[in-house]
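Trainee: kindly generate the corresponding structure for this input.
(chains A and B)
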Amino acid sequence: MFDPKNLILDNPDEGVFRVHRSAMTSLEVLRMEQERIFNKCWLYLCHESEVENPGDYRRRNVAGRPLFFIRGSDGKLRVFLNTCTHRGALICRHDQGHADVLQCFYHAWSFNNQGDLVGVPDEAGYPDSFNRAAMGLKPPPRVESYRGFVFVSFNPDVEELVTYLAGAREYLDLIVDQAEKGMRIISGSNRYSIKANWKLLVENSLDGYHVRPTHKTYFEYVNSLGINTSGVQTAFSRPALVLGNGHAVEEHDGIRGRPIARWSPLFGEENKEEIAAIRAGLVRKFGEQKARHMADVSRNLLVYPNLLIIDSIDITVRIFWPITPDLMDVTAWQLAPRDEKPELLARRLDNFLTFHGPGGFATPDDVEAIESCQAGYKAEGVEWSELSRGMHREAIAEDELQLRAFWRQWFGHMSGMGTVETNDPVIRQRAALAR
Amino acid sequence: MPEASSTGSDGSAPTLRETVEEFLYREAALLDAWRLDEWLALFTADGRYLVPTTDLQDGDPRNDLVFIDDDMVRLRARVERLKSRHGHREYPSSRTRHFISNIRIKVEDGAIVVSSSFIVYRFRMGESSPYIGWYEHRLKRVDGELRIHHRKAVLDLEALSEHGAVSIIL
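Mentor: Model (predicted):
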């Protein structure tokens, strides 16, 4: 009998951390993830800037469920299940658009942009018990946002979003605070599928260990532009950080510079002053230490279970959903300061294109790597994947602590044991000694 | 494979359509044969190669997110990467076949603007994935030879659902 408790071996005394590969191949595991993770957690839906004006809407699937979000005439962003309360047809049939009234094409029921049912053809045909006021579009059980990032949950009893975010909150602040006038999502998104289990993209996105071997051609390209990338040898030696509730961050030195705010030749002499001014502004506002953390360090942040924010030269927002155990759908967007100078925006977009995009010089190799893992699992004879790197020491970004943090939370949910401590015991012990 | 013919089918000077079609077929053949340095030589010095995202087909790379926006420096780097054994998505190389049809030609301010439909099949690791869409080639004559000034491949796909990436040159 399948028991999720048997999927992870976590034995700190012996330095053992292994994940059973059936966690990536079993349909039963996927069904249980749907029930115990995707139906229970907060899940990322959108950024508020994606619907700027009253009537703007977009549709999007979350955990396989069709939703749409729309800014009402009252200026409020609302989220609805994308299904007519009459007989079920999709209400929102465009990926994006603008509407004061959304009409179901099937029987022409009409809803205003705040979700109220405002038109029913031949309403007199319904019995007296028919209550039009109660037949408005239905929202998911919970919708909350944090600093522009909108999340939904299908669990009415889920904790408040800010509590759920735990230590990830500070890192979201660190990203959002880089822009004085707020952030916006740039038009155009990357939609691609990867023939691999969704958790392999979690691992890949938090994994500093693969960067040098897998992305050699990317660094060759950057070198060819006259940027010194020798710093990559030590860039991933910062301490690994887990943020509670399965959230984690992999931080590394921003050796190629950052538009906010560390100049490198990548940005051209003409932008040196602008970047220095942005940096000075951050120091004034947040003090030297926090400004340095914002401006010199790049980070890959996981908001458990499946939101990745990659804050480097560009800021990539990436979400991915399992379709089958060996297939996921990925969407990625670009986040940028609203008031960014066009020259710096161009560098930001360039970086997305050369690294993070599916047409870039790095992401396709990540896709290849995790598809290759998935293909390798078919060999079956090797039952466990090894994730113990750095378990015996104060783990660094190149270790696998961040991955273990994700997996421990995953294990807590799947096994029904609830929230588990996601840090390595060696770090917990030292923290206890320090107190 | 025979190279571009310098005469029309009846021995007369080729028409613009014959010249353009032959040029596009030769380009496709170079890509399918992975003769990428020769393909690169088809561009003008200020050439550009653009692939918009599937959800924003008229995306402007200055303001919007696109899949690919290469000037010649980046396009050369792309070709180098495709030739490297460390470009893992294309090592070992996939097999590809570029089909071109529905060719329409306009002449605008000295530039030859060609739109065509494409299907590009990619075969690798037991998988096959077709990229379907349309090209816009803006061609110029340099020293009497046609050269690509601007090459745009617009995908009709709703997402890269079979493909995972745009790792080949479309």
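Trainee: can you list contacts of the helix or strand where residue A:310 lies?
Mentor: For residue A:310, the enclosing helix or strand under DSSP states H and E is strand A:307-311. For strand A:307-311, contacts defined as C-beta atoms under 8 Å, 6 or more residues apart in numbering or on different chains pick out A:43-44, A:172, A:174-175, A:201-202, A:205, A:298-303, A:315-320, A:335, A:356. C-beta coordinates here come from the backbone N, C-alpha and C atoms, glycine included.
Trainee: stretch B:130-139: how far from the chain's middle?
Mentor: 7 Å (C-alpha atoms, centre = their mean, to the nearest Å).
Trainee: buried sites along that stretch?
Mentor: By neighbour count on 16 or more other C-beta atoms under 10 Å in any protein chain shown, the buried set for stretch B:130-139 is B:131, B:133, B:134, B:135, B:137, B:138, B:139.
Trainee: among those residues, which are in helices?
Mentor: Residues from the buried residues of stretch B:130-139 lying in helices, with DSSP state H as the criterion: none.
Trainee: pick the one among those closest to residue B:163.
Mentor: Proximity of those to residue B:163 (C-beta to C-beta) peaks at residue B:131, which lies at 6.7 Å.
Trainee: is it true that the closest one touches residue B:122?
Mentor: Yes - counting by C-beta atoms under 8 Å, residue B:122 is a contact partner of residue B:131 at 7.0 Å.
Trainee: counting by contacts, list what the longest strand along chain B packs against.
Mentor: The longest strand of chain B (DSSP state E) is strand B:127-142. Applying 3 or more C-beta pairs under 8 Å, 6 or more residues apart in numbering or on different chains; DSSP states H and E, one finds that strand B:127-142 contacts helix B:16-32, strand B:111-124, strand B:145-155.
Trainee: please see if the longest one touches chain A.
Mentor: Meaning helix B:16-32. No - on the criterion C-beta under 8 Å from any C-beta of the partner chain, helix B:16-32 is out of touch with chain A, staying 15.4 Å away.
Trainee: just to revisit the earlier point, report the distance from the strand holding residue A:310 to the chain centre.
Mentor: Using C-alpha atoms, centre = their mean, the distance between the centre of strand A:307-311 and that of its chain works out at 5 Å.
Trainee: that strand: which residues count as buried?
Mentor: Buried-residue list, strand A:307-311, by 16+ other C-beta under 10 Å: A:307, A:308, A:309, A:310, A:311.
Trainee: could you dump the residues you listed to JSON lines with pLDDT?
Mentor: Output for these, formatted as JSON lines (pLDDT from 0 to 100):
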{"residue": "A:307", "pLDDT": "98"}
{"residue": "A:308", "pLDDT": "98"}
{"residue": "A:309", "pLDDT": "98"}
{"residue": "A:310", "pLDDT": "96"}
{"residue": "A:311", "pLDDT": "95"}
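Trainee: rewinding a little: mind listing the strands the strand holding residue A:310 pairs with, and their directions?
Mentor: Strand pairing for strand A:307-311, using DSSP bridges, gives strand A:297-303 (antiparallel), strand A:315-324 (antiparallel).
Trainee: pLDDT of the first one, averaged?
Mentor: So the one you mean is strand A:297-303. When pLDDT is averaged along strand A:297-303, the result is 96.
Trainee: alpha carbons of it, in PDB - could you do that?
Mentor: Only the C-alpha atoms of strand A:297-303 are listed here, as PDB (Å, rounded to 0.1, in the frame of the first residue of the first chain):
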ATOM      1  CA  VAL A 297      22.900  40.300  -4.100                       C
ATOM      2  CA  SER A 298      20.700  38.400  -6.500                       C
ATOM      3  CA  ARG A 299      18.200  35.800  -5.300                       C
ATOM      4  CA  ASN A 300      15.900  33.000  -6.400                       C
ATOM      5  CA  LEU A 301      12.900  33.000  -4.000                       C
ATOM      6  CA  LEU A 302      10.500  30.100  -3.600                       C
ATOM      7  CA  VAL A 303       7.100  30.900  -2.200                       C
END
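Trainee: contacting residues around that strand?
Mentor: A:44, A:165, A:168, A:171-172, A:174-175, A:202, A:205-206, A:238, A:246-254, A:258, A:308-313, A:402, A:406.
Trainee: could you pull out the strands in the stretch 51-200 of chain A for me?
Mentor: A:56-62, A:65-71, A:77-81, A:96-98, A:101-103, A:110-112, A:117-119, A:142-146, A:149-153, A:183-185, A:190-194 (DSSP state E, counting those that start in this stretch).
Trainee: closest to chain B out of those strands?
Mentor: Closest of these to chain B is strand A:190-194, at 3.7 Å (criterion: C-beta to the nearest C-beta).
Trainee: what residues does chain B have near chain A?
Mentor: Those residues of chain B that sit near chain A, judged by C-beta under 8 Å from any C-beta, are B:51-56, B:59, B:61-69, B:73-74, B:77-78, B:80-81, B:84, B:86-90, B:125, B:127, B:158-167.
Trainee: residue B:118 contacts residue B:134, doesn't it?
Mentor: Yes - assessed by C-beta under 8 Å, residue B:118 is found in contact with residue B:134 at 6.6 Å.
Trainee: can you check which residues contact both of these two?
Mentor: Shared contacts of residue B:118 and residue B:134, defined by C-beta under 8 Å, 6+ apart, comprise residue B:153.
Trainee: would you mind writing the CA trace of stretch A:130-140 as CSV?
Mentor: Extracted in CSV, the C-alpha atoms of stretch A:130-140 (Å, rounded to 0.1, in the frame of the first residue of the first chain):
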residue,chain,number,x,y,z
PHE,A,130,-35.1,31.9,-7.9
ASN,A,131,-32.9,34.5,-6.2
ARG,A,132,-30.9,36.5,-8.7
ALA,A,133,-29.0,38.3,-6.0
ALA,A,134,-27.5,35.0,-4.8
MET,A,135,-26.5,33.9,-8.3
GLY,A,136,-23.6,36.2,-8.8
LEU,A,137,-20.2,34.9,-10.0
LYS,A,138,-18.5,32.9,-7.3
PRO,A,139,-15.1,33.7,-6.0
PRO,A,140,-12.6,31.1,-4.8
